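> Got a predicted model here, sequence first, then my questions.
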Protein chains: 2
Amino acid sequence: MDQRLERIQLPALRERVVSAQQAASWITDGMAIGLSGFTRAGDAKAVPNALVERGEKAPFRIDVYSGASLGCGIDGRFAQSGIVRKRAPYQSDSLMRASINSGEVQFVDHHLSQTAEWVRGGVTGPLDFAIIEALGITEEGLLIPTTSVGNSMVFAHHADQLIIEINTAQPMELEGIHDCYEPEALGMRQPIPLVSPRDRIGRKGIPIDPAKVKGIVWNDQPDSPSPIEPPDADTNIMAGHLLDFLRGEVKAGRLREQLPPIQSGVGSVANAVLHGLIDSEFEELELYSEVLQDAVFDLLDSGKASFASASAITLSADYMERIYRNFSQYRDRLVLRPQEISNHPEIIRRLGLLSINTALEFDMYGNVNSTHVAGTKMMNGIGGSGDFGRNAQLAIFVTKSTAKNGRISCVVPFASHIDHTEHDVDVLVTEYGFADIRNLAPRERAERIIANCVHPDYRPQLQDYFTRAVAQGGHTPHVLGEALSWHELYTGEGTMIKKTL
Amino acid sequence: MDQRLERIQLPALRERVVSAQQAASWITDGMAIGLSGFTRAGDAKAVPNALVERGEKAPFRIDVYSGASLGCGIDGRFAQSGIVRKRAPYQSDSLMRASINSGEVQFVDHHLSQTAEWVRGGVTGPLDFAIIEALGITEEGLLIPTTSVGNSMVFAHHADQLIIEINTAQPMELEGIHDCYEPEALGMRQPIPLVSPRDRIGRKGIPIDPAKVKGIVWNDQPDSPSPIEPPDADTNIMAGHLLDFLRGEVKAGRLREQLPPIQSGVGSVANAVLHGLIDSEFEELELYSEVLQDAVFDLLDSGKASFASASAITLSADYMERIYRNFSQYRDRLVLRPQEISNHPEIIRRLGLLSINTALEFDMYGNVNSTHVAGTKMMNGIGGSGDFGRNAQLAIFVTKSTAKNGRISCVVPFASHIDHTEHDVDVLVTEYGFADIRNLAPRERAERIIANCVHPDYRPQLQDYFTRAVAQGGHTPHVLGEALSWHELYTGEGTMIKKTL
Ligand SMILES: CC(C)(COP(=O)(O)OP(=O)(O)OC[C@H]1O[C@@H](n2cnc3c(N)ncnc32)[C@H](O)[C@@H]1OP(=O)(O)O)[C@@H](O)C(=O)NCCC(=O)NCCS
Ligand SMILES: CC(C)(COP(=O)(O)OP(=O)(O)OC[C@H]1O[C@@H](n2cnc3c(N)ncnc32)[C@H](O)[C@@H]1OP(=O)(O)O)[C@@H](O)C(=O)NCCC(=O)NCCS
């Protein structure tokens, strides 16, 4: 017997093993599919690749839902082959980005906690297939996920049919770290009984209906590593500012020395800032996050963090190699949950999270843009930043004060796209300092942001804009004709620096 | 004995009765106070008026927190007397608005569910006094609120001292309709055990510490009536569009005929649209809202609605007279809760609300402005629209397609202020139709909004903008230099109509 068949403990399902090509052949023009995968972790790999190969020969178009971003270049191949009509709720691939920005792919940029509600509620329309990567299937009929849970549970339960990719390259020690819980249908829903990041409220795998399993496919490709940049001088300074802020909160009695559970967003900057906690006085940290990046494992290794809950584990190449080699060492300190639970407003508000996400830009009144370059071009998507920012005890957004070698100011008069409104943002951090804008009126916020966060090259021109805006009056003063002029200037002349003030 | 003293069932407190002037004298320059009052209902009246009188003679400045808007012209008198430095989290008075827009009053426009967290967490700083209107105080030491609960519970628990205004003009039948529950401190918080609008999870009054009660003041002034406009031809048409949308959802199986609990926002338009349900086929409606306006009582009277939960009752003059005369008739079908609970994301998401709020304007991509006229001048505040919009099953925003006799289009290229982002808005309704923009990419949304919602006078110029924006590309196409030009045009020329296209 093929050794691999031991991964399928339900004997009836052993007969459903097919090739990736055969499974892909079931997916036809006009269908909608739900793929496992969250920030490059635990994504279905074999069938999507086979789909692309078929699409390159004989064109068709489908709608693709996932947990979050896919790895292994799949979103790029989707984009190049032209087989994707609609894509939701998140991506981070440069080729997919190009197709989204050209209007070829209809991208629905959606709060990561909410897509499950849309699937359950029929808003996405029926999903024809769920394609889910698994470690295996237990004899009780539980599908054991791999490095992410994402939307796999809701896809498996609500898609018409199921294709399972069993990934033999993923370490078996992953079994047991998942906690699979799906809220009841609306109208019958009960409180989610989770009151600590450590709580387990579900099952160790996703209960599946064997009758819905149309095929099982082998795959032995590891997750693709994350391209994360290591901390640098600027991010170290930013981490220092964040620590200063936190110390001030402890001193003022608004936080205890035992910090609330922490969420930290995707990307290099958030990772670097989290890394800064290693050399701090804070102990016994707990993470309640959506993705665990490198820094979390450094915090666990150093003994600073004692537990981490998320929906996915996404590591750079070195870390991936090292962590999965010694995974048993981490198992008891980790839990992976459906993204609906890792990002659920109910839980985020209840736990009082300290939430740290990266902004592309913010404006002098505290509105944050996480998604659109110059208001029009999609970068990745809002991801979970809205789920966390809105409901956290502290919604902190970090960004370097400039981008593109200083030609872009990340602090602007008017954010060119708004993902997090002035009502949702508590603290802003750049390498120049932090601005705590809680309980301030817009004009007070602007003064603090201009003083503490803006790059000195842009401070005079932002101060000048603000002064002239205030002269015109209003609760949130603006010179409307100039509000977006910095972005226009960059688009036209390649820099936001104004020649004359 | 003064008959009124029977309202104070804790004998020790009877000695604390003082005049409003004396109570006001305790509040001095630099203090922060928390006032009862939510959308003109149940506001403290005597002491704030006495404060204003004192301030007119001898200036001082204080910070004023409330539930939501105050009635009885108090916010206006606050503004005129100049005694308010900071005001949060909501107001709706034209004089206060002017002081906010001139920058004299620092207004913190805050999600109504979140202010309680800030008070508990020390973000507002300590409150020196809570001034709470009550029907009376029971022998168990419960303060019985009047027509609103608002933030009264958190103010009473967390302010240093307490002044109680016993209002003898409010009907005693209000006793028993309140359900006072405060979540545990962060770090120890449990699920909120509410799974239906009818559930009672707290006590019938606010437990107070008698030692903190510094004074009790009589007041016999009724709430001020709401200036709501009755439904008109346009709002009837809008209600019709909303019903068409709901019928479509039932037909598609996404809603059951028994609709989910409904939230309906402040203002004439939301009231009128809710009123439209009376002549519909929907039965057994339940409300889970923050404020109950006239239309809710019509729905109860007609038998269409069976239960209503909120934080306040705010009625027009006629309705007020009639409803409170027969209040016993409604008592068992009503509950008033702290605004933290009426607006709690945990509950809103769990109940799967159908949420209807009024927009000032929205843009062709579905971003909604609820607060700022032409991006700069505060109207009222975000109120609970963000609490509900973000977490509801269906976030519906309604507005007439134009304002100021057609000189303003309420559908614009780029919302001049964004309170509800493209990620949060499900359905938009004007008198021209509804646009269901769920699960659509921005370009798809724009097509639908232009086709269904824009006034015909503005449709060609919005279509023209969109076409030129698309030619420039991007996920969310814009012509940056023109994005806010409609608002500029109105500010300059008094109309958004472009002379030549
Ligand atoms: C905002 C986000 C793109 C930042 O990513 P990051 O890797 O931490 O940050 P970087 O500073 O490396 O910026 C990424 C790119 O954006 C560019 N950029 C940054 N600010 C910019 C701005 N204001 N305008 C234009 N481009 C900007 C950078 O130059 C860089 O470009 P490059 O890839 O060509 O080098 C990323 O965090 C994101 O997608 N966030 C949204 C989702 C989210 O927050 N999820 C959180 C819950 S997990
Ligand atoms: C948005 C809001 C002001 C609308 O109020 P409303 O009474 O239903 O609506 P109206 O159409 O009467 O508009 C109110 C005023 O705004 C003006 N207005 C409407 N749209 C406008 C626009 N796009 N630009 C400028 N002014 C506009 C109207 O002309 C009217 O002015 P007037 O008072 O001088 O006559 C009100 O609903 C609000 O404050 N909402 C925010 C809070 C909220 O939604 N809470 C919900 C949870 S309870």
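Structure received. Numbering: from 1, shown residues only, chains lettered A, B, ... in the order given. Ligands and ions are numbered 1, 2, ... in the order given.
> ok, now how distant is the residue in the stretch 201-350 of chain A positioned nearest to ligand 2 from A:V368?
For the stretch 201-350 of chain A and ligand 2, the shortest gap (CB to the nearest ligand atom) falls at A:P345, measuring 17.4 Å. Backbone N, C-alpha and C define where each C-beta goes, glycine included. Using CB to CB, to the nearest Å, one gets 18 Å for the distance from A:P345 to A:V368.
> So between those two, which is more surrounded?
Neighbours were counted for A:P345 and for A:V368 using other CB atoms under 10 Å in any protein chain shown; A:V368 has more, 28 against 24.
> Flag the helix or strand of chain A with the lowest per-element mean pLDDT.
helix A:268-275 (a mean of 85; mean pLDDT, DSSP states H and E).
> Make sure A:T491 is actually in contact with B:L480.
Yes. Using CB atoms under 8 Å, A:T491 is in contact with B:L480, at 6.8 Å.
> Between these two, which has more neighbouring residues?
B:L480 (23 against 17).
> which residues touch that one?
For B:L480, the contact set (CB atoms under 8 Å, 6 or more residues apart in numbering or on different chains) comprises A:A374, A:G375, A:T376, A:S416, A:L484, A:H487, A:E488, A:T491.
> from those, which is closest to chain B?
Nearest to chain B among the contacts of B:L480: A:T376, at 3.1 Å, using CB to the nearest CB.
> Outline the domain layout of chain A.
A:3-219, A:359-500 (the TED database).
> touching ligand 2 at all, the shortest one?
No. Judged by CB under 6 Å from any ligand atom, domain A:359-500 stays clear of ligand 2, getting no closer than 11.5 Å.
> Run the chain-centre distance for that domain.
Domain A:359-500 sits 22 Å away from the centroid of its parent chain (CA atoms, centre = their mean, to the nearest Å).
> Give me the below-cutoff pLDDT ranges for the stretch 101-250 of chain A.
Within the stretch 101-250 of chain A, not a single segment meets pLDDT under 70.
> Which one of the residues in it is closest to ligand 1?
A:E229 (6.5 Å).
> separation between that residue and A:A392?
From A:E229 to A:A392 the distance is 25 Å (CB to CB).
> which of those two has more neighbours?
The residue with more neighbours, out of A:E229 and A:A392, is A:A392; 26 against 12, by other CB under 10 Å.
> separation between that one and chain B?
10 Å (CB to the nearest CB, to the nearest Å).
> what residues are shared contacts of A:T491 and B:L480?
Contacts common to A:T491 and B:L480, judged by CB under 8 Å, 6+ apart, are A:A374.
> which residues sit against the longest helix that chain A contains?
Scanning chain A for the helix with the most residues, using DSSP state H, yields helix A:233-251. With CB under 8 Å, 6+ apart as the test, helix A:233-251 has contacts from A:231, A:255-257, A:259, A:268-269, A:272-277, A:280, A:282, A:354, A:356, A:394, A:396, A:398, A:400, A:427, A:429-431, A:433-434, A:436.
> now with 7 Å?
A:255-257, A:259, A:269, A:272-273, A:275-276, A:280, A:396, A:398, A:400, A:427, A:429-431, A:433-434, A:436 (CB atoms under 7 Å, 6 or more residues apart in numbering or on different chains).
> just checking, which of those belong to helices?
Reading helices off those with DSSP H, I get A:V269, A:A272, A:V273, A:H275.
> For the nearest residue to the last one once chain neighbours are set aside, give me its contacts.
Taking CB to CB, 6 or more residues apart in numbering or on different chains, and ignoring the residues beside it in sequence, A:H275 has A:A295 as its nearest neighbour in space, at 4.1 Å. By CB under 7 Å, 6+ apart, A:A295 lies in contact with A:N271, A:L274, A:H275.
> per-residue confidence at A:A295?
pLDDT for A:A295: 94.
> The one 5 residues further on too?
Model confidence at A:L300, given as pLDDT, is 97.
> After the stretch of helix or strand it belongs to, which helix or strand is next?
Per DSSP states H and E, A:L300 falls inside helix A:294-301. Per DSSP H and E, the first helix or strand lying C-terminal to helix A:294-301 is strand A:305-310.
> ok now do the closest residue to ligand 2 within chain A, which residues does it touch?
Per CB to the nearest ligand atom, A:H423 is where chain A lies closest to ligand 2, at 11.5 Å. With contacts defined as CB under 7 Å, 6+ apart, A:H423 is in contact with B:D109, B:H110, B:H111, B:I382, B:G386, B:D419.
> where's the residue nearest to the third one when sequence neighbours are not counted relative to B:Y90, distance?
Distances taken as CB to CB, 6+ apart place B:G386 nearest to B:H111, at 4.9 Å, with adjacent residues excluded. Going from B:G386 to B:Y90 by CB to CB gives 12 Å.
> returning to what we had before: got a quick PyMOL command for the buried subset of the contacts of helix A:233-251?
Listed next is the PyMOL selection for buried residues among the contacts of helix A:233-251, using 16 or more other CB atoms under 10 Å in any protein chain shown:
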select buried, chain A and resi 255+259+269+272+273+275+276+280+396+398+400+427+429+430+431+433+434+436
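> among the contacts of helix A:233-251, which are within reach of ligand 1?
A:V269, A:K400.
> Can you show me the helices along the stretch 401-501 of chain A?
Per DSSP state H, counting those that start in this stretch, the stretch 401-501 of chain A carries helices over the ranges A:442-452, A:459-472, A:485-493.
> For the last one, give the mean pLDDT please.
Averaged across helix A:485-493, the pLDDT comes to 96.
> list the buried ones in that helix?
A:S485, A:W486, A:H487, A:E488, A:L489, A:Y490, A:T491.
> Of those, just say which sits nearest to A:G30.
A:T491 (37.3 Å; CB to CB).
> could you list every residue that touches that closest one?
A:A374, B:L480.
> Likewise for the one 5 residues further on?
With contacts defined as CB under 7 Å, 6+ apart, the neighbours of A:M496 are A:R407, A:I408, A:S409, A:W486, A:L489, A:Y490.
> any idea of the angle the least confident helix or strand of chain A forms with helix A:233-251?
Orientation check (axes from the mean of the first three to the mean of the last three CA atoms, to 10 degrees): helix A:268-275 against helix A:233-251 gives 50 degrees.
> on that earlier part again, format the contacts of B:L480 as CSV; extra columns: distance to B:V84.
Below are those laid out as CSV (distance: CB to CB, whole Å):
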residue, distance to B:V84
A:A374, 40
A:G375, 36
A:T376, 41
A:S416, 34
A:L484, 34
A:H487, 37
A:E488, 39
A:T491, 43
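> Good, we can wrap up now.
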